[in-house]
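Below: sequence and its predicted model.
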Protein chains: 2
Amino acid sequence: MAQGTLEIVIPGRPAKCSIFLGDHISRQFPVALLNEATSIAIVSDEVVARLYSGQLRQLFSKTKTTHIITIRHGERSKTLATASRIASRMSDLGLDRKSVLIALGGGVVGDLTGFVASIFKRGINYVQIPTTLLAQVDSSIGGKCGVDADWGKNQIGTFYQPICVFIDTSFLDTLPEHEVVNGLAEIVKSSIIANSSMFEKIESRTSDFFSIPELKSLIPSTVGIKSKVVETDEREANVRRILNYGHTIGHAIESSSDYSLSHGKSVVLGMMCEGWIACQSGIFDRKDFARQQSVLSKIRARYKIKTDFESRKVLRFVTLDKKNTAGIVRMSVPERIGKMDTGTDGNFTVSVSREQILQSLNWLRSGGN
Amino acid sequence: MAQGTLEIVIPGRPAKCSIFLGDHISRQFPVALLNEATSIAIVSDEVVARLYSGQLRQLFSKTKTTHIITIRHGERSKTLATASRIASRMSDLGLDRKSVLIALGGGVVGDLTGFVASIFKRGINYVQIPTTLLAQVDSSIGGKCGVDADWGKNQIGTFYQPICVFIDTSFLDTLPEHEVVNGLAEIVKSSIIANSSMFEKIESRTSDFFSIPELKSLIPSTVGIKSKVVETDEREANVRRILNYGHTIGHAIESSSDYSLSHGKSVVLGMMCEGWIACQSGIFDRKDFARQQSVLSKIRARYKIKTDFESRKVLRFVTLDKKNTAGIVRMSVPERIGKMDTGTDGNFTVSVSREQILQSLNWLRSGGN
């Protein structure tokens, strides 16, 4: 997609999801979408709320009663307990089935707010206004929402589409430096799984694809890829699995670090390992694997991504992955840059042994060359 | 429906829901439905588990690893905290996205298990095996699941259809006497909202429609009515609202008693009040209202249903009802026995003032004649 609008229509779902994308577009928010709402509550974390919730509230409160519900910043807020507190606050504020929640923030706020919207009085409408690069290119799109459990990340959740995703890239002008890699990893992933010319664009840059203006220019393609995949397969029965490239091992590395290693850094390492396994198995073209490694190595160097994980601990987390069934680890892997392997029976995954995973982790720990 | 099977097909939902109904049919459980399951967990309360979980486990464990997860008996288990504990236990047992939950029990177990199934790893399949009259005729059918919150009953939940509802009426042979009225209220409600000949059958009996064999004979029609309504309108956008007859005021009476008055007893009183309001408003035919009152009065006398509620307290709970929007209380009311009013704009509800509700409660408290 280019700057502008896009719609995701999922068969059998009552409402379509409209995506709006542009720079400095906050005044163009499609307030007509909220015409039917009885009231509005903006859910945000304390950091984002301080910066932006006031102006947004002003925008909405011209027509509707608009409340602000603030949660603590950070992944530790993404729990069933916080979801329960938000719902209780919504009840206190008199929100009903026709009220609309607005998720204003990054992935934590978006996942949590979507989840609350999906279970409050059996489901109300919500809007995503993503403010981080990761949320703008990935987590705000596709309706995956949920919370973390003691026993794993994102293990409690629902598929629940927002009525609107409003991506104003001007939020990124105040994005903290350490947040960039989270979105960057998903952008590079998108190009590897579905768009070779986008990958070429990334690969042709030496280092300036780390700058915010350069990253902004890659957002439309990334959003376009994700929307198209989700529209075809909302519930991850087949093709949506390709979006998990790098995430099976990536999530496990992230969990095993007790989340001290960020999501983006973990996914960069995850793609290295999963790509290596695919290459070793003769699935991922050797030359294209080398091209992937060249780009990912630049990111790894730029963000000083450490590989001091314990391989066996990572493996234990891999076996907890939501996508596993009957104890078999399955992952989506590329065939070439821009083209994922369709897998056994067209399910877009291949089964990978524990041994292969261990080997890939040890290979990465010893340098990844 | 007669004894036998029935299917609910909801547009856009991936799977259909098969309903099996009969007496002493446990050996005919359609185990083929579980062919794809990697493992099974039966969720039950301590009372039902002691009586029945062993034989069921034996039935399933011939083909699949089958676990039993037991919760405490009673409404107090229907919380987000219990849902979270069940999910954590499922993770410990190694359940994955292809595992199947079996809800074995009454409404609490069914609502809670369905809710856990809807949020565990973003949703897994589940089966309802209802063991109480209320669960067999009402709560196991239609995919409404959820938990209670501090601030209200069923305020957190999802719409999530089971793949199968297996109704073996022989469970009712051990049903505690105090449970009967819960199902009976829904049976009578079903006849009032959609089946006048069924109501005639009920009204023609003097008192023996309280016996288990007589109640069993009314189950197929009740299940048939609910299935048909849910199939047309899963998410309660219009016609499904008729199933709430008696429940707006009924739930509020139940809540205001702090659940010391049972659901069924509360719904009996709720239908009396809501029917009275509809009659006063000229919607419910006066003669048919009298016929309803005659049947409900028999039940009220038989179960010694008290009306010592505080009207203003009940009214406060009515204003919290999930179905209200913009602070307006709406309810579904009959036009005649067997035919509900289609309401304003065909939405099957009429708006009711606080004053009318208070009057109806006071009328009921002073005898309801």
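Right, received. Where do you want to start?

can we go C-alpha only for contacts and neighbour counts from here?
OK.

A:L358: neighbour count?
A:L358 has 16 neighbours, counted by other CA atoms under 10 Å in any protein chain shown.

Three-state assignment for it, please.
Classification of A:L358 using DSSP: H, G, I helix; E, B strand; the rest coil returns helix.

That one and A:V333, how far apart?
17 Å (CA to CA, to the nearest Å).

And for A:D233, the neighbour number?
16.

Can you classify the nearest residue to it once chain neighbours are set aside by secondary structure?
Spatial nearest neighbour of A:D233, chain neighbours left out: A:R240 (5.6 Å); criterion: CA to CA, 6 or more residues apart in numbering or on different chains. Here A:R240 is helix, with the state taken from three-state DSSP.

got the contact list for A:R240?
If you count contacts by CA atoms under 8 Å, 6 or more residues apart in numbering or on different chains, A:R240 has them with A:229-230, A:232-234.

Next step: those restricted to helices.
Here DSSP state H is the test, and these give A:229-230, A:232 as lying in helices.

now those residues as CSV including pLDDT?
Listed next are the ones in helices among the contacts of A:R240 as CSV, based on pLDDT from 0 to 100:
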residue, pLDDT
A:V229, 95
A:V230, 94
A:T232, 92
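
In chain A, mark out all the strands, start to finish.
A:4-8, A:17-22, A:40-45, A:66-71, A:100-105, A:125-130, A:144-149, A:152-159, A:164-168, A:329-331, A:334-336, A:339-340, A:350-352 (DSSP state E).

Now do the same contact list for A:T349.
Counting by CA under 8 Å, 6+ apart, A:T349 makes contact with A:241-242, A:330-333, A:341-343.

Need the nearest residue in space to the most centrally placed residue in chain A, chain neighbours excluded.
Taking CA atoms, centre = their mean, the centroid of chain A lies closest to A:S139, which sits 3.0 Å from it. Leaving aside its chain neighbours, A:S139 sits nearest to A:G107 (5.8 Å; criterion: CA to CA, 6+ apart).

Verify the stated contact: the one you found with A:A135.
Yes: the criterion here is CA atoms under 8 Å, and A:G107 meets it with A:A135 at 5.1 Å.

do you know how far the residue lying closest to A:Y126 once chain neighbours are set aside is from chain B?
Distances taken as CA to CA, 6+ apart place A:L101 nearest to A:Y126, at 4.6 Å, with adjacent residues excluded. Distance, A:L101 to chain B, using CA to the nearest CA, to the nearest Å: 15 Å.

ok, now A:A81?
9 Å.

and that residue, how many neighbours?
Neighbour number of A:A81 under other CA under 10 Å is 14.

how about low-confidence regions in the stretch 151-300 of chain A?
Of all residues in the stretch 151-300 of chain A, those with pLDDT under 70 make up the ranges A:207.

What segments of it are helices?
Ranges of helices within the stretch 151-300 of chain A are A:177-194, A:196-204, A:212-232, A:247-256, A:263-280, A:286-302, based on DSSP state H, counting those that start in this stretch.

Point out the one among the ones you listed that comes closest to B:D288.
helix A:212-232 (50.5 Å; CA to CA).

Show me which positions of that closest one end up buried.
Going by neighbour count (16 or more other CA atoms under 10 Å in any protein chain shown), the buried part of helix A:212-232 is A:212, A:215-216, A:218-232.

what do you get for stretch A:360-369?
Using 16+ other CA under 10 Å as the test for burial, stretch A:360-369 gives A:360-362, A:364-365, A:368.

want to throw the strands of chain A into JSON lines with distance to B:T158?
Shown next, in JSON lines, are the strands of chain A (distance: least, CA to CA, whole Å):
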{"stretch": "strand A:4-8", "distance to B:T158": "22"}
{"stretch": "strand A:17-22", "distance to B:T158": "20"}
{"stretch": "strand A:40-45", "distance to B:T158": "20"}
{"stretch": "strand A:66-71", "distance to B:T158": "22"}
{"stretch": "strand A:100-105", "distance to B:T158": "17"}
{"stretch": "strand A:125-130", "distance to B:T158": "13"}
{"stretch": "strand A:144-149", "distance to B:T158": "13"}
{"stretch": "strand A:152-159", "distance to B:T158": "9"}
{"stretch": "strand A:164-168", "distance to B:T158": "21"}
{"stretch": "strand A:329-331", "distance to B:T158": "29"}
{"stretch": "strand A:334-336", "distance to B:T158": "36"}
{"stretch": "strand A:339-340", "distance to B:T158": "34"}
{"stretch": "strand A:350-352", "distance to B:T158": "33"}
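
if you average pLDDT over each of those, which comes out lowest?
Here the lowest mean pLDDT among the strands of chain A goes to strand A:4-8, at a mean of 82.

That strand pairs with which strands?
Pairing partners of strand A:4-8, with direction, according to DSSP bridges: strand A:17-22 (antiparallel).

what about dumping the CA coordinates of the strand it pairs with to CSV?
Taking Å, rounded to 0.1, in the frame of the first residue of the first chain, the C-alpha atoms of strand A:17-22 are listed here in CSV:
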residue,chain,number,x,y,z
CYS,A,17,-11.1,-3.0,9.5
SER,A,18,-10.0,0.3,7.9
ILE,A,19,-6.3,1.1,7.9
PHE,A,20,-5.3,4.8,7.6
LEU,A,21,-1.6,5.6,7.0
GLY,A,22,0.2,8.9,6.7
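
in that strand, what counts as buried?
Here strand A:17-22 shows A:17-22 as buried, counting by 16+ other CA under 10 Å.

dump the residue contacts of the closest residue to A:S353 other than its chain neighbours.
Take A:S353 and drop its neighbours on the chain: the residue closest to it by CA to CA, 6+ apart is A:V329, 7.0 Å away. With contact taken as CA under 8 Å, 6+ apart, A:V329 is in contact with A:318-319, A:321, A:323, A:351-354.

if we can go back for a sec, determine which two of the contacts of A:R240 are furthest apart.
Farthest pair in the contacts of A:R240, by CA to CA: A:V229 and A:E234, 7.9 Å.

For A:L112, see how far away A:I102 is.
A:I102 is 11 Å from A:L112, by CA to CA.

Look at these two and report which has more neighbours.
Remark: of A:I102 and A:L112, A:I102 carries more neighbours, 29 against 25, as counted by other CA under 10 Å.

Contact distance from chain B - what residues of the stretch 101-250 of chain A qualify?
Selection of the stretch 101-250 of chain A residues close to chain B by CA under 8 Å from any CA of the partner chain yields A:118-123, A:146, A:149-151, A:154-159.

one step back: just put the contacts of A:V329 in CSV and tack on neighbour count and distance to A:S26.
As requested, the contacts of A:V329 are arranged in CSV below (neighbours: other CA atoms under 10 Å in any protein chain shown; distance: CA to CA, whole Å):
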residue, neighbour count, distance to A:S26
A:V318, 25, 40
A:T319, 20, 43
A:D321, 24, 38
A:K323, 21, 37
A:S351, 13, 45
A:V352, 16, 45
A:S353, 13, 48
A:R354, 16, 48
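
Pick the one among those residues closest to chain B.
A:K323 (7.1 Å; CA to the nearest CA).

quick one, what contacts that closest one?
A:329-330, B:96-97.

Now distance to A:G54 too, for the buried residues of strand A:17-22, in CSV please.
Formatted as CSV, the buried residues of strand A:17-22 follow (distance: CA to CA, whole Å):
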residue, distance to A:G54
A:C17, 25
A:S18, 24
A:I19, 23
A:F20, 21
A:L21, 21
A:G22, 21
